[in-house]
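> Show me how the following folds:
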Amino acid sequence: MAVDFEDDSLLGSAAFVFQTPVRAKKARIKSSRGAMRLSGAQIGRITRRRPEVMVKVTGSARGLRGIKEHLAYITRNGKLVGERENGERIESAAEVRALAEEWWADGAGRRKSTRDTINLILSMPPGTDQTAVAEAARAFAQKTFGGDYDYLLAHHHHDSDPKRPENPHAHLTIKRRGRMGQSLNPRKADLQAWREGFALELRERGVIAEATHRRVRGVTRKGQRQAIRHMDKRQATRVTKWKLAQAVLTASKGNDGTKEPWAKAAKEKQRKLRHAWNTLAAAFEQAGQPKLAQEIRTFVNAMPPAQTEREHFVAMAKKLLEKQQVRDRGRSR
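Take a look at the predicted model:
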């Protein structure tokens with residue numbers, strides 16, 4: 001059974017849940033799509049909480065030094081094989097440096113602030129077949145950027161500690177200046193389309209994978225997968241520190257953030273989300289699919305409570321302040 005949510009009559013004010021919020025730049029990126037459509041099979045994968053793919057922009061490189069350092073990082077300075085858009089293999093530190101210089105030379109006359117690359121990470125949960133992830137990443141890169149943008153793809157598999165398996169993932173660094181002089185500048189809808197494209201390549205290789213927007217799953221706060229957490233440990237971001245500092249100020253005033261406008265907005269969105277899913281369950285039940293309707297209701301009942309990233313940081317700050325107060329009382333005795 002196909003379900004098209006471009007018709008808002010079924011879900012009313014909650015139809016926004018199943019729509020892509022920002023239009024993609026279709027003229028620039030091949031994989032961009034319009035509004036989201038869900039099939040019965042996809043709804044089943046969502047409600048059964050099948051593994052979700054991750055396609056995330058981890059940053060960008062600026063200048064020759066930045067390009068060299070990033071390409072060296074994703075290839076372990078040439079110890080891991082890198083794959084270019086044209087199929088060329090980069091297999092040594094010297095070849096990594098030569099590629100960086102080639103990309104840099106192509107952008108002569110650029111401003112210092114210009115981003116030279118877009119850096120992506122493509123990841124799946126621990127235990128996913130590593131060969132399938134590598135093949136899917138290769139196919140995704142070629143279908144999405146091949147012919148238009150040069151790139152370097154490096155596969156990272158971690159088998160050194162079986163007790164602590166890591167996400168099989170690949171680093172994809174795309175040269176931002178295209179072959180026809182166009183500039184790669186993805187929007188949110190493009191990132192969602194990339195997730196959907198990577199998930200499709202995985203399913204075609206026998207890996208159950210989904211690429212649902214987190215708000216459709218009832219998740220109001222951005223998550224950090226293992227590969228990204230490791231990157232954040234290496235280079236603690238100023239943004240994260242600033243967010244925590246602001247949260248400490250909020251918590252020190254006795255405010256838990258739950259009554260702030262942004263927290264109320266998150267709760268209202270989740271209310272509409274639950275309404276949308278329950279309306280959908282009723283529609284499937286009327287269509288003679290009670291099993292799928294029950295799966296949807298079970299899925300809705302298990303949704304986590306709405307918590308924004310700000311509330312999360314405030315909760316962390318409250319715990320830090322409570323620990324500090326306990327230590328201070330101990331010292332004063």
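
> show me what contacts the nearest residue to residue 78 once chain neighbours are set aside?
Leaving aside its chain neighbours, residue 78 sits nearest to residue 93 (3.8 Å; criterion: C-beta to C-beta, 6 or more residues apart in numbering). Just so you know, the C-beta spots here come from the backbone N, C-alpha and C atoms, and that holds for glycine as well. Residue 93 sits next to 72, 77-78 when contact means C-beta atoms under 8 Å, 6 or more residues apart in numbering.

> cool, residue 134 as well?
Taking C-beta under 8 Å, 6+ apart, one finds 155, 157, 168, 170 in contact with residue 134.

> what about residue 321, how many neighbours?
Using other C-beta atoms under 10 Å, residue 321 is surrounded by 13 other residues.

> Which secondary structure state is assigned to it?
What DSSP: H, G, I helix; E, B strand; the rest coil gives for residue 321 is helix.

> per-residue pLDDT, it?
If you check residue 321, the pLDDT there is 72.

> what do you get for residue 89?
Residue 89 is given a pLDDT of 96.

> Among the contacts of residue 134, pick out the one closest to residue 270, please.
Checking the contacts of residue 134 against residue 270 by C-beta to C-beta gives residue 168 as the nearest, at 31.7 Å.

> Could you check how far that closest one is from residue 97?
28 Å (C-beta to C-beta, to the nearest Å).

> more neighbours, those two?
Neighbour totals were compared for residue 168 and residue 97, and residue 168 leads with 25 against 18 (other C-beta under 10 Å).

> What ranges does the stretch 1-150 of the chain have for its strands?
2-3, 38-39, 54-59, 82-84, 89-90, 117-123 (DSSP state E, counting those that start in this stretch).

> Name the stretch among those that sits most buried.
strand 117-123 (a mean of 24; mean count of other C-beta atoms under 10 Å).

> can you list the weak-confidence ranges in the stretch 151-300 of the chain?
158-165, 213-215, 217-244, 246-249, 251, 253-260, 262 (pLDDT under 70).

> what do you get if the cut-off is 90, keeping everything else the same?
Across the stretch 151-300 of the chain, residues meeting the criterion (pLDDT under 90) sit at 156-168, 181, 187-189, 192, 196, 208-300.

> Contacts only, for residue 114.
By C-beta under 8 Å, 6+ apart, the neighbours of residue 114 are 62, 107.

> Which pLDDT does the model give it?
85.

> Quote the end-to-end distance of stretch 52-68.
In stretch 52-68, first residue to last residue: 32 Å (C-alpha to C-alpha, to the nearest Å).

> in terms of contact, does residue 43 touch residue 291 like I think?
No - when contacts are counted by C-beta atoms under 8 Å, residue 43 is not listed as touching residue 291 (11.7 Å).

> So these two - more neighbours on which side?
residue 43 (23 against 10).

> Now the one helix or strand residue 190 maps to: buried residues?
Residue 190 is part of helix 188-203, with elements assigned from DSSP states H and E. Under the neighbour-count criterion of 16 or more other C-beta atoms under 10 Å, helix 188-203 has 189-203 buried.

> do the same with stretch 272-284
For stretch 272-284, using 16+ other C-beta under 10 Å, the buried residues are 272-277, 280-281, 283-284.

> what separates the residue nearest to residue 78 from residue 106, distance-wise?
21 Å.

> likewise residue 194?
Residue 194 is 24 Å from residue 106, by C-beta to C-beta.

> what about the helices in the chain?
40-47, 63-74, 93-105, 130-145, 188-203, 226-234, 238-252, 261-286, 290-301, 309-332 (DSSP state H).

> of all the ones you listed, which lies closest to residue 174?
Between those, helix 130-145 lies closest to residue 174; by C-beta to C-beta that is 5.8 Å.
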